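> return atomic coordinates for the entry below.
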Amino acid sequence: MYSDDSSDYTPKTPHTNTFASLQNIVDYTGFKELMKDKVGLSGASSPRDKIFACPVDTFYYDLTPNGPGYVPQGFHAQAFSDYSSYGFNAGTADPVLGRTPGIGGRKLSSVRDPFKTILVTEIPALFPYSWHQPKGGTSQFNDAKNTVSFVDGHVNYIRIYWNTNRMVIGGISYILDAMDTDPPAGYDYKWSGDK
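Okay, the predicted model is just below:
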């Protein structure tokens, strides 16, 4: 609906709210501010915005260096997430990696392979972990399954690739998030609207 009212363009990341992940600013949750009037919401966001709250969103991982890791609270209950369980596949200018894949600010009609390109996803798919099949330790992140919607309009429950490589910059070891790169062959999705 947003793109229909915006000459086919998707939300642009400078207009989105940001949250910190691994000391990078990632613009994925702020799309909610642009969508609220289309679903009957107005005013400041709050935890009462249930249309943006996934029922299984009961925990999240704070993966920032020195972060607590597992947090036993819903992601949608946090002000930094704009009280949303979902993220738009925005992509962002990342100070560590450069431009990460995404479709923010693009015309929907320019997206190559709309049946494979993620539009909106549960937040865990960005990192990835799963609210649906929680596991312990680092296995939490291997092929976690999440519900995603695609540019062509269909929704699916898919496994998300996690790149286990780490990047060390300035003596700090960074985990690469799932949304930092398109997955290898064998996965049924991509972040980039190109390729």
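> which stretches of this structure have low pLDDT?
Within the chain, the set of residues satisfying pLDDT under 70 comprises 13-27, 65, 92-99, 135-140, 165-170, 172-175.
> so where do the helices sit in it?
2-5, 31-35 (DSSP state H).
> nearest to Gly186, of the ones you listed?
When the helices of the chain are compared for distance to Gly186 using Cβ to Cβ, the nearest one is helix 31-35, at 28.8 Å. C-beta coordinates here come from the backbone N, C-alpha and C atoms, glycine included.
> quick one, strands of this protein?
Listed in chain order, the strands of the chain (DSSP state E) span 19-21, 24-26, 60-62, 69-71, 86-88, 93-94, 98-99, 118-122, 144-150, 155-160, 166-169, 172-175.
> one step back: most neighbours per residue, which of the helices of the chain?
Highest mean neighbour count among these (mean count of other Cβ atoms under 10 Å): helix 31-35, with a mean of 21.
> contacts for that helix, please.
Contacts of helix 31-35 from elsewhere in the structure, counted by Cβ atoms under 8 Å, 6 or more residues apart in numbering, are 1-2, 11, 15-17, 45, 49, 52, 82-84, 86-88, 90, 120.
> out of those residues, which are buried?
Neighbour counting with 16 or more other Cβ atoms under 10 Å marks 11, 16-17, 45, 49, 52, 82-84, 86-88, 90, 120 as buried within the contacts of helix 31-35.
> thought Asp182 was touching Ser192?
Yes: taking Cβ atoms under 8 Å as the definition, Asp182 is a contact partner of Ser192 at 5.3 Å.
> what touches both of the two?
Residues touching both Asp182 and Ser192 (Cβ under 8 Å, 6+ apart): Pro101.
> so which of these two has more stuff around it?
A count of neighbours by other Cβ atoms under 10 Å puts Ser192 above the other of Asp182 and Ser192, at 19 against 16.
> list the contacts for the more buried one?
If a contact means Cβ under 8 Å, 6+ apart, then Ser192 has Gly91, Pro101, Gly102, Ile103, Thr117, Asp182 as its contacts.
> again, 7 Å this time
Neighbour list for Ser192: Pro101, Asp182 [criterion: Cβ atoms under 7 Å, 6 or more residues apart in numbering].
> now Phe88
Pro11, Tyr28, Phe31, Val120.
> could you give the bridge partners of the residue nearest to the second one when sequence neighbours are not counted?
Pointing back at Tyr28 there. The spatial neighbour of Tyr28 that comes closest, neighbours along the chain excluded (Cβ to Cβ, 6 or more residues apart in numbering), is Gly87 at 3.6 Å. On the basis of DSSP bridges, Gly87 is bridged to Thr121.
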